[in-house]
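S.K.: This is the structure alone, sequence omitted:
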């Protein structure tokens, strides 16, 4: 492994493609298309500083997500570059002691040296990881996963955003994938609440009344019901103690309730300054025992362009994707974000948010 | 105020000889409770508010509004009401307590609040006033609108509980209490207020008398007078009587106790008769409690300025806006030697602050706490500290208690000195509870399973329960924000003192700047730096959360700067400092809150936002403007009986409006600038 890393550093320094060293990542899915799965993560953002702050006027979760992804990428690059440099130094010594050819160590030193001098990024493989057929950006040290107290002390909520560019048929898979990641990250057997947010729906308007009317014709009932069945399965499997919806107005919710097996326990809506929930929705929620929760999340939480920018070669990008102009420097192809999972673990009887973060799944298609 | 045991209270000369005895036993009790409770873990977040009321008599036809001294009767009526207990359970009925002033009541919730967000909305109704006549309809309303209503229900028809910090004309010549008593009694020896103004329980007059006696003269509560167009200058307090010869202390004013341009007051009642809004939080363990104590300390002066409500004393407009320093002076028991006026001969040390003052210590073992934040001149009792260290306590906490224990106990009951009972904390509390600092770190009581608590004490009481609920809930949310985001508010403790002084200035909320930390966030924990110091999860298992940051570097002076209250609360324009309200909103965005609750919380945050940015006035500003705009005011700083009556009348009217749930619109007299569209 260490040897591979050394070799890798050498080759990156000479401009070789990183693809060489990530064998088995690409999957052939028929035809000429190849796909790669990316798992992006923010880590715990509650004690991570400014990315949690909601600035006046720009308070949507998409900013929180992109800011915290960006800062986590940067942090991982710093941390792992330092770790790699330490390893290098260590290796150099060992090699020298062992009488191994000095050239390798020297070159490595140069490689890192160049990076820091030019302000360039450390090599991608240092701070990302290939695991179970997915590229983790950044890599995750699962040995540090978990919460400080027993999982039962927490209320764990996951809000899963299905993104518009992703396949509707694969939503069940996405949901399982997302939930598994959160459970692994928090080292918990189950979560308390899983909220799903479908694309194309909003609860926005000058007033909530208007929002309720607009909402009635948004989304796609059939697709949402099909997805809900998969969410019900997660609930039945004991992975999510309760399940809920987001952005359902009174008409849509009424239609939905008639056709589901497991009823949503909450409906999350975006409220603006006028705190008037439309009476039909209040009434329905009360009658049906559905709690109306407030949120301020953005519907379009991770647009393709934003993701491309985050991972690209530009200023503030993570340098994972190839430069679209020159084709140089990283992964090539079309990048499609598929889902985003926001998770929070709140200590139940103390109201302290101990862990909050995001996972996002994306797929890169080359062909 | 607690601790109302009966017994033989010692007069000062004798109490003084027992002071060391009480301290020695107090330290033993402290070590006992500390040893027992230092391992307490995972206590829930519980909290309680204390609202203090003045009781006034008011009727439209009577030209005078007076302080009612019927506290004891009202409390007896409250205690004797069996229906009350029946009607208001569940939830538990509020608890009423006597306070120092015989015209005061203190009410607390019947049981502590939790952190369930819906529960936060119960606070305001609990505080609220419902005028209770004998009708059944109102009886039912009692169930929901309770605390103030219940108090009112047990008063005479012309008595009203109001939440002004001070009665504007307390201590003015003539009649200001009902019933009226002559001044210059043996306990207070005040030329402005009668002894009967204090709660008759032996503890209170003894407290006042022993403070005076220890000090060697009366307390001197001098507050600068506000200089208006027609205020004579230099201004000599016209109410001071220089010809009184009843007590030796009557010489005080002849010896310069009442300087020019200051409103002069001479009794504990002028300070301890003020009403405050205090919040106590239970921490999950001692570590979290110490952290909250430290982190809330720098917020004290900010919240003091933001809640300013005390612009009038003894019938004159003052040049300050808050009560704090007046209380500080009203219970200042320091001798001339301790004050540094005479060389030390009989006393042990010079003491820079009154027993009632901003706190002088940080107590957490947080690695972010730099040595430079501590006060290098902190006075401690080294022997006491050594005893605590020998008992196993760490240096920082031992220093804190060794600082509190530089004080003498003021009220000592002879009966308590016979046997040391380690299952009690009475001797410890004797010292602890007469250190009235702006934060208080409270060890668990001896006899139950309550956890470590922290009390936030600087806020001024607000006129309406809506405002009191808003500030209470805001502080609760701030504590959750501090713990969730692991915020760091540390600045040198002496800068907090400075801020406390700044908070007194007229309209400090808009006109002044306060030292505040620039960067609240801890540096990002580096990967692989291990887990935090929180409660360990049994069976191992780390967490990425709250990893300790590396020790800070760089000059301390670069860590803080002067900010306005608006910047602290709402954030700065450059976007460098986030602001407390945006942080609270970020917190609320991250937890599950139902829509109705979120909207109500938004109202509370809105009030605070607007008070900070000047869109709305503080109570202090409103009262000033009320006086200024009153036809009976002659621009001479005098708040006449006529103005006082109308002011209190307006406060009662606001309360009645609130009780009826009708909002505050159309009340006139600038009420819309105080309460806006709420």
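M.R.: Arrived safely, thanks for sending. All values derive from a computational prediction rather than experimental measurement.

S.K.: what about the strands in chain A?
M.R.: Along chain A, counting by DSSP state E, strands occupy A:27-28, A:34-41, A:129-131, A:134-137, A:154-162, A:191-197, A:240-246, A:266-270, A:291-295, A:334-347, A:352-366.

S.K.: For the residue in the stretch 551-678 of chain B that chain A sits nearest to, grab phi and psi.
M.R.: In the stretch 551-678 of chain B, no residue comes nearer to chain A than residue B:599, which is 3.3 Å away by CB to the nearest CB. Bear in mind the C-beta positions are built from the backbone N, C-alpha and C, glycine included. Backbone torsions of residue B:599, given as degrees, to the nearest 10, read phi -70, psi -40.

S.K.: Contacts made by stretch B:602-612 with the rest, please.
M.R.: Stretch B:602-612 is contacted from outside by A:275, B:306, B:466-467, B:469-471, B:473-474, B:509, B:565-566, B:568-570, B:581, B:584-585, B:615-618, B:676, B:678, using CB atoms under 8 Å, 6 or more residues apart in numbering or on different chains.

S.K.: Verify the contact between the residue of the stretch 551-678 of chain B closest to chain A and residue A:271 for me.
M.R.: Yes: in this structure, residue B:599 is within contact of residue A:271 by CB atoms under 8 Å, at 7.0 Å.

S.K.: neighbour count winner among these two?
M.R.: residue A:271 (23 against 18; other CB atoms under 10 Å in any protein chain shown).

S.K.: Contacts only, for that one.
M.R.: A:203, A:208, A:277, A:294, B:595, B:598-599.

S.K.: burial measure for the residue of the stretch 301-450 of chain B found nearest chain A, as a count.
M.R.: Of all residues in the stretch 301-450 of chain B, the one sitting closest to chain A is residue B:368 (12.0 Å; CB to the nearest CB). Using other CB under 10 Å, residue B:368 is surrounded by 20 other residues.

S.K.: how would you label it: helix, strand or coil?
M.R.: Secondary structure, DSSP: H, G, I helix; E, B strand; the rest coil: residue B:368 is coil.

S.K.: Grab the nearest non-local neighbour of it.
M.R.: Distance criterion CB to CB, 6 or more residues apart in numbering or on different chains; nearest residue to residue B:368, sequence neighbours excluded, is residue B:488 at 5.2 Å.

S.K.: wait, doesn't residue B:452 sit right on residue B:445?
M.R.: No: counting by CB under 8 Å, residue B:452 stays clear of residue B:445, with 10.9 Å between them.

S.K.: So which bits of the stretch 151-300 of chain A are right by chain B?
M.R.: Residues of the stretch 151-300 of chain A found near chain B (CB under 8 Å from any CB of the partner chain) are A:153, A:155, A:157, A:187, A:193, A:266, A:269, A:271, A:275, A:277, A:291-296.

S.K.: how close does the most centrally placed residue in chain B get to chain A?
M.R.: Nearest to the mean C-alpha position of chain B, by CA atoms, centre = their mean, lies residue B:457 at 3.5 Å. Residue B:457 sits 22 Å away from chain A, going by CB to the nearest CB, to the nearest Å.

S.K.: list the contacts for that residue?
M.R.: Counted by CB under 8 Å, 6+ apart, residue B:457 has contacts B:276, B:278, B:300, B:436-440.

S.K.: can you list the weak-confidence ranges in chain A?
M.R.: A:1-34, A:48-61, A:84, A:86-120, A:205-208, A:272-275, A:367 (pLDDT under 70).

S.K.: okay, now the domains of it?
M.R.: Domain assignment for chain A by automatic domain parsing gives A:1-143+A:304-332, A:145-302+A:337-361.

S.K.: And the pLDDT at whichever residue of the stretch 201-350 of chain B sits closest to chain A?
M.R.: The nearest approach of the stretch 201-350 of chain B to chain A comes at residue B:284, 5.8 Å away (CB to the nearest CB). With respect to pLDDT, residue B:284 scores 95.

S.K.: Would you double-check that it falls in a strand?
M.R.: No: using three-state DSSP, the assignment for residue B:284 is coil, not a strand.

S.K.: what about it, how many neighbours?
M.R.: So residue B:284, with other CB under 10 Å, has 24 neighbours.

S.K.: That one contacts residue B:46, correct?
M.R.: No: shown here, residue B:284 and residue B:46 do not form a contact pair, counting by CB under 8 Å, at 10.5 Å.

S.K.: Give me the residue ranges of the stretch 401-550 of chain B where confidence is low.
M.R.: Ranges of the stretch 401-550 of chain B meeting pLDDT under 70: B:524-526, B:528-550.

S.K.: picking that back up, shared neighbours of residue B:284 and residue B:46, which are they?
M.R.: residue B:451.

S.K.: so how far is residue B:213 from residue B:14?
M.R.: 11 Å (CB to CB, to the nearest Å).

S.K.: coming back round to it: identify the contacts common to residue B:599 and residue A:271.
M.R.: residue A:294.

S.K.: Skipping its backbone neighbours, what lies nearest residue B:12 in space?
M.R.: residue B:213 (3.6 Å).

S.K.: ok, now which ones touch that neighbour?
M.R.: Counted by CB under 8 Å, 6+ apart, residue B:213 has contacts B:11-13.

S.K.: same thing with residue B:50?
M.R.: B:106-108, B:276-280.

S.K.: In a strand, it, correct?
M.R.: Yes: the assignment for residue B:50 (three-state DSSP) places it in a strand.

S.K.: tell me which residues form a beta bridge with it?
M.R.: residue B:278 (DSSP bridges).

S.K.: how close does it sit to chain A?
M.R.: 21 Å.

S.K.: ok, now how distant is that residue from residue B:277?
M.R.: Applying CB to CB to residue B:50 and residue B:277 gives a distance of 7 Å.

S.K.: what's the answer for residue B:206, then?
M.R.: Relative to residue B:277, and taking CB to CB, residue B:206 is found at 27 Å.

S.K.: Neighbour count: those two, which is higher?
M.R.: Neighbours per residue (other CB under 10 Å) separate residue B:206 from residue B:277, with residue B:277 holding more: 26 against 22.

S.K.: Report how many residues lie close to residue A:236.
M.R.: 11.

S.K.: Then residue B:231?
M.R.: Here the number of neighbours of residue B:231 (other CB under 10 Å) works out to 18.

S.K.: Mind pulling up the pLDDT for it?
M.R.: 98.

S.K.: Was I right to think it contacts residue B:637?
M.R.: Yes: when contacts are counted by CB under 8 Å, residue B:231 is listed as touching residue B:637 (4.5 Å).

S.K.: Show me whatever sits in contact with both of these two.
M.R.: In contact with both residue B:231 and residue B:637: residue B:225, using CB under 8 Å, 6+ apart.
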